[in-house]
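Peer 1: Give me the fold of what follows.
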Amino acid sequence: MNCRGTAETNVKITRMTRNNASSLVYSTESGRICIDCDRPVAQCQCAANKQALMAAANASPDGVVRIQRETKGRGGKSVTLVRGLGLEAVALAALGKQLKAACGSGGTVKDGVIEVQGDHVLTLMAALEKRGYSVKRVGG
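Peer 2: Just a heads-up that it's a prediction; the model follows:
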């Protein structure tokens, strides 16, 4: 125990696997522990690999960014979708924020897709071409 009366110990929470082995998933000293590499999440090397793989999965194979307007399931309101950028989550969120500001509209970033509220296909095409992307309009 330290001078404040709290114990400095690691909390061991077991995670059942096929071979019933347990591993440390939280430490009071460093916080959450990655279950793949047994390092603190802030120092996890496999997290960078996962993000790179997810970014590659969201990229279009031909390198073309596709923009479409959609109203399905949104109560008749239109949303402009930007797909195929292939950026990591942080970079995609930053680009989404810039694109929403350029359109003067709200929106979100979900599953590697930037959604901007309203019909802003031409504005987004111009903004992305200005940033050096090859852009294609898809859909009606």
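Peer 1: Which strands or helices does the strand ranked longest in the chain pack on?
Peer 2: In the chain, taking DSSP state E as the definition, the longest strand is strand 64-70. For strand 64-70, the contact count by 3 or more C-beta pairs under 8 Å, 6 or more residues apart in numbering; DSSP states H and E identifies strand 79-83, helix 121-130, strand 134-137 as packing neighbours. No exception for glycine: its C-beta is placed from N, CA and C like everyone else's.
Peer 1: mind listing the strands in this protein by residue range?
Peer 2: 26-27, 31-32, 64-70, 79-83, 107-110, 113-117, 134-137.
Peer 1: Just the pLDDT for the residue most central in space within the chain.
Peer 2: Nearest to the mean C-alpha position of the chain, by C-alpha atoms, centre = their mean, lies A89 at 3.2 Å. pLDDT recorded at A89 is 85.
Peer 1: how near is it to A101?
Peer 2: Distance, A89 to A101, by C-beta to C-beta, to the nearest Å: 19 Å.
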